[in-house]
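Enquirer: Everything below, folded, please.
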Amino acid sequence: MNHRHNNLTIGFTYDLKDDYLAMGLSSEEAAEFDSLETIEGVSDALRSLGYNVDLIGNAHSLISRLQKGDRWDLVFNICEGLRGIGREAQVPAILDLFNIPYVFSDVLVLSLTLHKGMTKHVIRDHGIPTAPFFVAHSLDCLENHSLRYPLFVKPVAEGTGKGIGPDSIVSNHRDLIRVGWDRLQRFEQSLLVEEFLPGREVTVGIVGTGSHAKVIGMMEVLFKKQNTSAVYCYQVKAQYEDFVDYVLPEKRLYDACCRVALDAWRALGCRDGGRIDLRLDQDGIPNFIEVNPLAGLNPIHSDLPILSRIAGISYEQLIGLIMNSALNREKLPVPSKSSLCRTTF
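Expert: As a prediction, this is how the structure comes out:
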């Protein structure tokens, strides 16, 4: 381990979007990967907090560096991976093999939560509200079900709103088959089909692990009039200023969302920082939609930094809180600058 001036050396693993676009991936295929703005934002924040930062890059670069004998006190990992249902867990698995601690969730959590259907099974078994659902592996699976229309259809293992659009809300069997066929062909993976929740949509930011997890803020997604579909899809997220407003929910809803989000975060075993997406049902009860244990960290455009700003938490403070959680969990020292970040909410 390398300790210069008693500060920790933090390796930084990430998937740079430009690298994958250069490989021929489309903008949607590369949607989950990070821009140079994000890489610079995270690394600058870490350095300002007193850490020595070593830019590693993607999983292939990590393997190459490890083979050369390089090691780090802790790795700040935001790699999404490219292929396979366990792609988000690839870098954590490599780091586990070399006994190198890392920020954010572990192999089990990242493998589980990328599969939205398996995640909802765990959530439902813990008694946490979530819409009735089933996983469809083929068109035949869509023929007989007991769910009530309207339904919501999306790929079972995508993020950043990929595979979600206005037509994801289906009101009859014919539309279910049409949309199901389209998504099965385009994404070559199973579908999550669930009863559509008609209420308000809220995303909740969480920092910490287990009993130390806390909600740092949340925001309600309010759709502007020109976006009549009210579907928080890839296109909307990419141009959120044109389609949505983000506002702080009133205290009663805020408190209800805190309870559901923290219950879900702890039930799934998530660590250090991320987001829980909720939507209200017809009775106004917040229901779990999905979790993002590797939440986007673009300083300007990503939901977690946006809701943190609404809560009065700067980007540097957000990164500091995430780092503090990981360091405390791994029993590593916290640099003096990072210890100044808010720890109570």
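Enquirer: which residues in the stretch 151-300 of the chain form strands?
Expert: Secondary structure of the stretch 151-300 of the chain by DSSP state E, counting those that start in this stretch: the strands cover 151-155, 169-170, 191-195, 201-207, 214-223, 244-247, 273-280, 286-292.
Enquirer: strand partners of the fourth one, parallel vs antiparallel please.
Expert: In the sheet containing strand 201-207, the strands it pairs with under DSSP bridges are strand 214-223 (antiparallel), strand 273-280 (antiparallel).
Enquirer: Run the chain-centre distance for it.
Expert: 10 Å (C-alpha atoms, centre = their mean, to the nearest Å).
Enquirer: and for it, what are the contacting residues?
Expert: For strand 201-207, contacts defined as C-beta atoms under 8 Å, 6 or more residues apart in numbering pick out 213-221, 232, 249, 253, 257-258, 261-262, 265, 270, 272-280, 286, 289, 295, 303-304, 307-308, 311, 318, 321-322, 325. In short, each C-beta sits where N, CA and C put it, glycine included.
Enquirer: try 7 Å this time
Expert: 213-221, 232, 249, 257, 261-262, 265, 273-279, 286, 303-304, 307-308, 321-322, 325 (C-beta atoms under 7 Å, 6 or more residues apart in numbering).
Enquirer: Give me the buried subset of those.
Expert: Taking 16 or more other C-beta atoms under 10 Å as the criterion, what is buried in these is 213-221, 232, 249, 257, 261-262, 265, 273-279, 286, 303-304, 307-308, 321-322, 325.
Enquirer: Who are the contact partners of Gly57?
Expert: Thr13, Tyr14, Leu16.
Enquirer: Just the pLDDT for it.
Expert: We have a pLDDT of 96 for Gly57.
Enquirer: bridging residues for it?
Expert: Going by DSSP bridges, Gly57 forms beta bridges with Thr13.
Enquirer: any idea how far Asp34 is from it?
Expert: Gly57 sits 11 Å away from Asp34, going by C-beta to C-beta, to the nearest Å.
Enquirer: overlap in contacts of the two?
Expert: Residues touching both Gly57 and Asp34 (C-beta under 7 Å, 6+ apart): Tyr14, Leu16.
Enquirer: any idea how far Lys116 is from Gly159?
Expert: 10 Å.
Enquirer: which of these two has more neighbours?
Expert: Lys116 (23 against 20; other C-beta atoms under 10 Å).
Enquirer: The more buried one: what's it in contact with?
Expert: Val156, Ala157, Leu192, Glu290.
Enquirer: Then Pro132?
Expert: Counting by C-beta under 7 Å, 6+ apart, Pro132 touches Leu147, Glu194, Glu195.
Enquirer: would you turn those residues into a markdown table with pLDDT and distance to Gly205?
Expert: As requested, the contacts of Pro132 are exported to a markdown table (pLDDT from 0 to 100; distance: C-beta to C-beta, whole Å):
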| residue | pLDDT | distance to Gly205 |
| --- | --- | --- |
| Leu147 | 97 | 30 |
| Glu194 | 97 | 23 |
| Glu195 | 98 | 26 |
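Enquirer: quick one: which of the residues you listed is nearest to Pro335?
Expert: Set against Pro335, the nearest of these by C-beta to C-beta is Glu194 (43.8 Å).
Enquirer: so what's that closest one closest to, chain neighbours aside?
Expert: Leaving aside its sequence neighbours, Glu194 sits nearest to Phe133 (C-beta to C-beta, 6 or more residues apart in numbering; 3.7 Å).
Enquirer: before we move on, what about Ile276?
Expert: Per C-beta to C-beta, 6+ apart, closest to Ile276 is Ala261, 4.0 Å.
Enquirer: From Ile128, how far off is that neighbour?
Expert: Using C-beta to C-beta, one obtains 10 Å as the distance from Ala261 to Ile128.
Enquirer: likewise Phe288?
Expert: If you measure Phe288 against Ile128 using C-beta to C-beta, the figure is 6 Å.
Enquirer: Look up the residues that both of the two are in contact with.
Expert: Counting by C-beta under 7 Å, 6+ apart, the residues touching both Phe288 and Ile128 are Val260, Ala264.
Enquirer: the more surrounded of the two?
Expert: Between Phe288 and Ile128, counted using other C-beta under 10 Å, the more crowded position is Phe288 (24 against 20).
Enquirer: and the residue lying closest to the more buried one once chain neighbours are set aside, how far is that from Leu112?
Expert: Closest residue in space to Phe288, ignoring its immediate chain neighbours: Thr130 at 4.3 Å, by C-beta to C-beta, 6+ apart. In this view, Thr130 and Leu112 are 15 Å apart by C-beta to C-beta.
Enquirer: okay, these two: which has more neighbours?
Expert: More neighbours surround Thr130 than the other of Thr130 and Leu112, with 25 against 20 (other C-beta under 10 Å).
Enquirer: Give me the phi and psi for that one.
Expert: phi -160, psi 150 (degrees, to the nearest 10).
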